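> With the input below, show me the fold.
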Amino acid sequence: MIKFGTGGYRGNIETEFNKETVKAISFALIKIINSNKLNRKVIIGYDFRFYSAEYSFYLASILASNKIQVTLSKYACPTPVVMYHTMKEDIDIGVMFTASHNPASFNGIKIFTKGGIDADVQFTELIERYANSNLLYPILEDVNISQKDLNLEYIEYLKDFIKIPKNKIRILFDCLYGTGSITIPPLLNYYQLNCHIIHNEIDHNFGGFIPNPTAENLLKNVNSSYSNYDICLGTDSDADRLGILDENGHYIDANEILAVIYHYLLNKGDKGDIVKNIATSVILDKLALKYDYKCHTVDVGFKNISSKMLETNALIGGESSGGLTIRNYLRGKDSTFSSLLFLQALAHSKLKPSQLIQKVKDEVNYQGFFKEITVNLKKTVDNSFFKKFQNISFSFLSKIQLNNNLKFIINEDTWLLIRLSGTEPLLRLVCEGKNSDEVNEYLEITKKYINSLK
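Numbering: from 1, shown residues only. Presented below is the predicted three-dimensional model:
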């Protein structure tokens, strides 16, 4: 059964994500293109994961066999590259082979629609229906597939948005064996930044760890030589998530990254609201309020952020998992872009990363603590799992809000979110409160209750 989540279709290689599932999704796309008279041109990209290159060529050959013009990336590329070309060439469908931040044993497909935005639920439900309905289309052995280096134009496009002044910031950049290794080095060189790049070689196993720029993964870079650097930045396998360490080796989470960039844009004269998802910090609400703007909150899934940004003409949008974009840029998250934008903000501030973070927090009197943990499940569950929580009254709760996920509003600045992962059989528990003791207490109570239900 093929089922799309918040970040596309993903599964274990061979058992869930294999040649048969790629064929079924290919047939579904053909059906959608034919039935809806969509543009008969598709952009296809892929990352460094096992079978990404092979399966992208297989999908391309199936589409080409059915008179659909395909442009297949000549080389591996970040996900935002496919978003860019889908937008630039004004086509209806872009396809990216990646499982983003998931383990090396996973692979998947992300679908983008007109404008380079993540396919919405209606579109992915259509793919699911057709992919699971035993469609049959011809697959020819000898078809014409156009291949092009998609990375070059994207890199030039990004330069129009980033202006980094000359500085002496000492940078360590961890590509985590992902496709950021393709776009980041030439851009760092272009801006003449003092940077040392690591893990930029191809390794399908990602060095044995999960290719996600979390605190745990980036802290592996902190050793006796880290004193040579002012900042460490890391990107995930398809370069749409960003993580940062400050000059002391302390993790700067995605909420802080987003707050710093929003603060920087407003102070350089840009105007506009901000959009965040329900798993993102209240520091953004406080920033927006201080500058007489509004912080809009949407459900998890970057397509929801992109849509709300268009609706409100917001200046910036982002999420606590490490992705962001700004007005008039791509309509999806991009860590090559966000890493350079953070460096631009840092260079203009003339502060150390920790000082810049603290400056933003002090300006809005933010003293909170934010934490996310996961609870593994024995099997994938659906939203009906949350019905078990609806009549539960934890002593610390004052209000319950159900919005596809389960969010408990404790007070203005304190909340707890329980949400199903859209890509793995686990629950994500996110909590923000006044201090670490309070947050840890809420998370522990909730985790114990969940374990009692499993």
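
> any weak-confidence spans in the stretch 351-454 of the chain?
Low-confidence segments of the stretch 351-454 of the chain, defined by pLDDT under 70: 378-404, 422-424, 454.

> which residues of the chain score low on pLDDT?
378-404, 422-424, 454.

> Pop the domain breakdown of it in here.
9-154, 169-363, 369-453 (automatic domain parsing).

> Check the offset of the longest one from the chain's centre.
Domain 169-363 has its C-alpha centroid displaced from the chain centroid by 11 Å (CA atoms, centre = their mean, to the nearest Å).

> re earlier: and of the domains of the chain, who's closest to I2?
Closest approach to I2 among the domains of the chain (CB to CB): domain 9-154, 4.4 Å. The C-beta positions use only the backbone N, C-alpha and C, and glycine is treated the same way.

> JSON lines please, covering the domains of the chain and showing distance to D160 and mean neighbour count.
JSON lines is the format used below for those (distance: least, CB to CB, whole Å; neighbours: other CB atoms under 10 Å):
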{"stretch": "domain 9-154", "distance to D160": "11", "mean neighbour count": "20"}
{"stretch": "domain 169-363", "distance to D160": "9", "mean neighbour count": "21"}
{"stretch": "domain 369-453", "distance to D160": "32", "mean neighbour count": "15"}
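
> want to throw those domains into TSV with distance to M1?
As requested, these are exported to TSV (distance: least, CB to CB, whole Å):
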stretch	distance to M1
domain 9-154	6
domain 169-363	20
domain 369-453	10
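
> Out of the ones you listed, flag the one nearest F161.
Of the domains of the chain, nearest to F161 by CB to CB is domain 169-363, at 5.8 Å.

> any idea whether the residue sitting furthest away from the middle of the chain is helix, strand or coil?
For the chain, the largest distance from the centre (CA atoms, centre = their mean) belongs to D142, which lies 36.3 Å off. Secondary structure, DSSP: H, G, I helix; E, B strand; the rest coil: D142 is coil.

> Tell me how far the nearest residue to S339 once chain neighbours are set aside lies from R241.
Spatially, and ignoring its direct neighbours in sequence, S339 is nearest to L233 (4.8 Å; CB to CB, 6 or more residues apart in numbering). According to CB to CB, to the nearest Å, L233 stands 11 Å off from R241.

> any common contacting residues for the two?
The contact sets of L233 and R241 overlap at P213 (CB atoms under 8 Å, 6 or more residues apart in numbering).

> what about the helices in the chain?
Secondary structure of the chain by DSSP state H: the helices cover 19-36, 52-65, 79-88, 121-131, 151-159, 180-190, 215-218, 254-267, 283-290, 302-312, 335-349, 353-363, 436-453.

> Just to check, N365 is in contact with I283?
No - N365 lies out of contact with I283 (CB atoms under 8 Å); the separation is 10.1 Å.

> mind listing what V70 touches?
Applying CB under 8 Å, 6+ apart, we find V70 in contact with K41, V42, I44, A60, L63, A64, I145, S146.

> Beta-bridge partners for it, please?
On the basis of DSSP bridges, V70 is bridged to V42.

> when you give positions from now on, start the count at 609
Shifting the count to begin at 609 puts that one at V678.

> From Y762, how far out is the nearest residue to N912 once chain neighbours are set aside?
Nearest-residue entry for N912: V906, 4.0 Å, with adjacent residues in sequence omitted and distances by CB to CB, 6+ apart. The gap separating V906 from Y762 is 26 Å, by CB to CB.

> cool, and S673?
Counting by CB to CB, the gap from S673 to Y762 is 28 Å.

> which phi and psi does the closest residue in space to A955 that isn't next to it in sequence have?
Nearest non-adjacent residue to A955, counting by CB to CB, 6+ apart: N775, 4.2 Å away. Backbone geometry at N775, expressed as degrees, to the nearest 10, gives phi -160, psi 170.

> wait, V689 sits on D757?
No - with contact defined as CB under 8 Å, V689 does not count as touching D757 (9.9 Å).

> list residues touching both of the two?
In contact with both V689 and D757: S681, using CB under 8 Å, 6+ apart.

> For the nearest residue to T721 once chain neighbours are set aside, which residues are in contact?
Residue nearest to T721 in three dimensions, not counting chain neighbours: A727, with 5.0 Å by CB to CB, 6+ apart. Going by CB under 8 Å, 6+ apart, A727 touches F612, I719, F720, T721, I735, K911.

> which ones are touching the second one?
If a contact means CB under 8 Å, 6+ apart, then I719 has F612, G616, I701, G702, V703, M704, D726, A727, F731, T732, I735 as its contacts.

> Could you dump those residues into TSV with distance to T982 added?
TSV is the format used below for these (distance: CB to CB, whole Å):
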residue	distance to T982
F612	21
G616	20
I701	32
G702	30
V703	29
M704	25
D726	23
A727	26
F731	28
T732	24
I735	27
